[in-house]
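Participant: here's a sequence, model it:
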Amino acid sequence: MRKMDKPLFFLGILLIIIGFVWGGISQLTNKQNISPTPTIIVSPTLTPVPTATQSAVLGEKVYEEVVVEEVVDGDTIKIAGGKTVRCIGINTPETVDPRRKVECFGKEASAKNKELAEGKKVRLEKDISEIDKFGRLLRYVYVGDIFVNDFLVRQGFAYASSYPPDIKYQEQFKKAEKEAREFKIGLWASC
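Facilitator: Numbers count the residues shown, from 1 in each chain. Now for the predicted structure:
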């Protein structure tokens with residue numbers, strides 16, 4: 001190899017390596033967003049976190065495990081201990097707001113959330129905010145391997161609804177809503 005060719009050769013090798021690494025990162029970050037069904041990536045290791053609440057670390061995410069005592073409506077649950085949890089990043093049609101009439105597909109959204117979560121152990125994931133202006137915990141909710149917030153939007157029971165700074169999965173929810181709307185799923189067919 002000539003003296004001039006060596007730097008070009010090594011530069012080419014470096015660019016190939018960067019391409020592979022960048023491609024792998026892109027696939028990992030986009031994999032969850034393009035999935036046709038709601039999924040959650042779960043690490044095989046479950047490590048206890050030394051806190052007063054029952055928490056666990058899965059991969060790099062911290063979850064609090066709780067039991068759902070009651071489903072209030074399509075996007076709100078009550079957990080053991082009497083706390084109320086509002087699902088982040090979504091909004092379902094109203095069924096319990098005394099200032100509003102029951103909205104189209106509200107009863108179906110509430111029934112689906114009840115089917116998914118009531119009486120079950122769920123994992124709660126915090127984003128940035130702890131509570132909303134009504135004192136409800138703000139969380140992403142998982143039942144088994146179902147990401148409830150995503151599932152409700154993807155199946156047409158909820159709208160994607162952004163409330164900064166809690167926007168960790170907002171792009172995923174927007175894509176799920178677009179698909180539900182395009183295929184006229186759930187409320188997109190009925191309302």
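Participant: only C-alpha atoms for contact and neighbour calcs from this point on.
Facilitator: Will do.
Participant: surely Val67 touches Gly119?
Facilitator: Yes. If you go by CA atoms under 8 Å, Val67 and Gly119 touch, sitting 6.4 Å apart.
Participant: residue boundaries of the helices in the protein?
Facilitator: With DSSP state H as the criterion, the chain has helices at 5-31, 106-117, 148-154, 170-182, 187-190.
Participant: just give the nearest non-adjacent residue to Val67, would you?
Facilitator: Lys121 (4.3 Å; CA to CA, 6 or more residues apart in numbering).
Participant: pretty sure the one you found contacts Glu64?
Facilitator: No. Under the criterion of CA under 8 Å, Lys121 is not in contact with Glu64, lying 10.2 Å apart.
Participant: give me the common contacts of those two.
Facilitator: Residues within reach of Lys121 and of Glu64 at once, by CA atoms under 8 Å, 6 or more residues apart in numbering: there are none.
Participant: pull the longest strand from the chain.
Facilitator: With secondary structure taken from DSSP state E, the chain has its longest strand at strand 61-73.
Participant: pull out the buried positions in it.
Facilitator: When burial is assessed from 16 or more other CA atoms under 10 Å, strand 61-73 yields the following buried residues: Val62, Tyr63, Glu64, Glu65, Val66, Val67, Val68, Glu69, Glu70, Val71, Val72, Asp73.
Participant: what's Lys121 in contact with, if anything?
Facilitator: If you count contacts by CA under 8 Å, 6+ apart, then Lys121 has Glu65, Val66, Val67, Val68, Val143 around it.
Participant: what's the distance between it and Arg154?
Facilitator: 22 Å (CA to CA, to the nearest Å).
Participant: now do Asp145
Facilitator: 15 Å.
Participant: and for Arg100?
Facilitator: With CA to CA as the criterion, Arg100 and Arg154 are 25 Å apart.
Participant: could you do Tyr163 as well?
Facilitator: Distance, Tyr163 to Arg154, using CA to CA: 19 Å.
Participant: give me the more crowded residue out of those two.
Facilitator: Arg154 (27 against 12; other CA atoms under 10 Å).
Participant: okay, the contacts of Lys121 in a markdown table with pLDDT and distance to Cys87 next?
Facilitator: Shown next, in a markdown table, are the contacts of Lys121 (pLDDT from 0 to 100; distance: CA to CA, whole Å):
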| residue | pLDDT | distance to Cys87 |
| --- | --- | --- |
| Glu65 | 97 | 15 |
| Val66 | 97 | 14 |
| Val67 | 97 | 15 |
| Val68 | 98 | 13 |
| Val143 | 98 | 13 |
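Participant: closest to Gly89 out of the residues you listed?
Facilitator: The closest of the contacts of Lys121 to Gly89 turns out to be Val143 (CA to CA; 16.9 Å).
Participant: now that closest one. Nearest residue, chain neighbours left out?
Facilitator: According to CA to CA, 6+ apart, the nearest residue to Val143 is Val122 (4.9 Å).
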